[in-house]
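[1] Got a sequence here, can you model it:
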Amino acid sequence: MEARTQEEGAASDVVTNLKGLDTGSVEFETMFTGFSAKVHQHAASEEAEVLPLLSSSTTPEQRHAMGEAFLAPQAGIPSHR
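    Numbering: from 1, shown residues only. Okay, here's the model as predicted:
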């Protein structure tokens, strides 16, 4: 869990740095490519480590409540798709 939390903190830092770069620059492309790979790695680690732990240590009702609590603050945020 600690490793996943540290990865998320590092990702926030990279996003902040990316926001300050010209999206057409080589620096942006290089940083974004590395960031993208780390995001995929992070998701795979969560699926392999965190989700099985949650599944084995909580009830379906608890997981549903956690999902609702996670989504609630995002309800008013527009999607960027």
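
[2] Which strands or helices does the least confident helix or strand in the chain by mean pLDDT pack on?
    Lowest by mean pLDDT, DSSP states H and E among the helices and strands of the chain is helix 2-19, with a mean of 87. Packed against helix 2-19 by the contact rule (3 or more CB pairs under 8 Å, 6 or more residues apart in numbering; DSSP states H and E) you find helix 26-45. The way it works is simple: take the backbone N, C-alpha and C, and place the C-beta from them, glycine included.

[3] Mind listing what's buried along the helix it packs on?
    28, 35, 42 (16 or more other CB atoms under 10 Å).

[4] Any idea which of these the model trusts least?
    Lowest pLDDT of those: His42, 88.

[5] ok, now which ones touch the residue nearest to that residue when sequence neighbours are not counted?
    Nearest non-adjacent residue to His42, counting by CB to CB, 6 or more residues apart in numbering: Glu7, 4.8 Å away. Glu7 is in contact with 38, 42, 45, counting by CB atoms under 8 Å, 6 or more residues apart in numbering.

[6] Next: Asp22.
    Phe28.

[7] quick one: secondary structure of it?
    Three-state call for Asp22 (DSSP: H, G, I helix; E, B strand; the rest coil): coil.

[8] Excluding sequence neighbours, find me the nearest residue to Glu27.
    Looking at Glu27 with CB to CB, 6+ apart, the closest residue is Leu21, at 5.7 Å.

[9] Tell me how many other residues crowd that neighbour.
    Residue crowding around Leu21 was assessed by other CB atoms under 10 Å; the count is 15.

[10] quick one on the thing from earlier: now, among the contacts of Glu7, which is nearest to Glu68?
    His42 (23.2 Å; CB to CB).

[11] Report the residue spans of this structure with pLDDT below the cut-off.
    77-81 (pLDDT under 70).

[12] Fine by me, we can end here.
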